[in-house]
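*Asks:* below is the sequence, then the predicted model.
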Amino acid sequence: MNPQGYSSNKANKKEELLFRQLCYRCFRPKKNCLCSDINAFDTRTRFVILMHPKEARKVKLGTGRLTHLCLKNSEILLGVDFTEDQRINRLIKDPVNYPVILYPGENSTDISEFPFPDSDADQKKILVFVVDASWTLAKKMLKLSTNLHDLPKIHFRPQGPSRYVIKQQPHPNCLSTIESVYFLLQELDKRGMEECREKHHSLLEFLDKICRLQLECTEDASLPGYRKNAVTPSGKKRWPDKSRYPGKRQRRSVCFD
């Protein structure tokens, strides 16, 4: 190999190594680290994100972890059945807290139109449990976690389709975790139960930044990766040509999880 070719090959390896190194805060490659774009802010409301282990594996695209990074008054608890979780049980029993679950359903209160189920909610600290999982897994988590069964459920009316375009939602009204928290804070702010002062807008700005970056990466032919061109600029998944994969690989689809 000539000196020019050796130098070029060595530079490419260094570039690839830099691309592979992770930031252990946002779990993005250090080359595309998003930590400088995180504008963490404080809230009156305490958010506890109940994250399913499968959701925890989505280190780059899962918005539950990114939501936690944006909210100072938040924490993540990992698990499926939280019945015996001492941290959750202490928070629920604490008399200063008013615990609710952000989850739509038959017995859920639409706070976009109705007040909180209990009139003394204004006198306590709002504690919101946010279930971070697919709809199927979230339903299972709530069914198994008997200590959450008696907590009031709340939801809001989405103001439009999800802006998380790099993931296909099962229904037009489904939102990502970071969007759900944004709209909840907006509703609480309208009721005077929060003092957002537009700080919560940074949640959607951060989400838009993630989507733009991911779409740019999928369209950049110079970058390595087996998920190349898996998503179109409109956010729809682009399925690969299965004829390129003989045998069993024809049954495998390449998409964002």
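*Replies:* Nice, thanks for sending it over. Numbering: from 1, shown residues only.
*Asks:* grab the nearest non-local neighbour of Leu188.
*Replies:* Spatially, and ignoring its direct neighbours in sequence, Leu188 is nearest to Glu194 (4.0 Å; C-beta to C-beta, 6 or more residues apart in numbering). Backbone N, C-alpha and C define where each C-beta goes, glycine included.
*Asks:* which strand or helix spans the closest residue to Val131 other than its chain neighbours?
*Replies:* Closest residue to Val131 apart from its sequence neighbours, by C-beta to C-beta, 6+ apart: Ala138 at 4.3 Å. Taking DSSP states H and E as the definition, one finds Ala138 inside helix 135-144.
*Asks:* which parts of the stretch 51-200 of the chain are helices?
*Replies:* Using DSSP state H, counting those that start in this stretch, the helices of the stretch 51-200 of the chain run over residues 53-56, 63-70, 86-93, 135-144, 177-190.
*Asks:* got those helices as JSON lines, with distance to Asp37 and mean neighbour count columns?
*Replies:* Formatted as JSON lines, the helices of the stretch 51-200 of the chain follow (distance: least, C-beta to C-beta, whole Å; neighbours: other C-beta atoms under 10 Å):
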{"stretch": "helix 53-56", "distance to Asp37": "22", "mean neighbour count": "16"}
{"stretch": "helix 63-70", "distance to Asp37": "10", "mean neighbour count": "22"}
{"stretch": "helix 86-93", "distance to Asp37": "30", "mean neighbour count": "13"}
{"stretch": "helix 135-144", "distance to Asp37": "28", "mean neighbour count": "15"}
{"stretch": "helix 177-190", "distance to Asp37": "13", "mean neighbour count": "22"}
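*Asks:* using JSON lines, lay out these together with distance to Gly79 and mean pLDDT.
*Replies:* Shown next, in JSON lines, are the helices of the stretch 51-200 of the chain (distance: least, C-beta to C-beta, whole Å; pLDDT from 0 to 100):
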{"stretch": "helix 53-56", "distance to Gly79": "7", "mean pLDDT": "86"}
{"stretch": "helix 63-70", "distance to Gly79": "13", "mean pLDDT": "90"}
{"stretch": "helix 86-93", "distance to Gly79": "9", "mean pLDDT": "96"}
{"stretch": "helix 135-144", "distance to Gly79": "8", "mean pLDDT": "93"}
{"stretch": "helix 177-190", "distance to Gly79": "16", "mean pLDDT": "92"}
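*Asks:* so which of those gets nearest His201?
*Replies:* helix 177-190 (8.0 Å; C-beta to C-beta).
*Asks:* okay, buried residues for stretch 128-136 please.
*Replies:* 128-133 (16 or more other C-beta atoms under 10 Å).
*Asks:* next, the distance between the ends of that stretch.
*Replies:* For stretch 128-136, the first-to-last residue distance is 20 Å (C-alpha to C-alpha, to the nearest Å).
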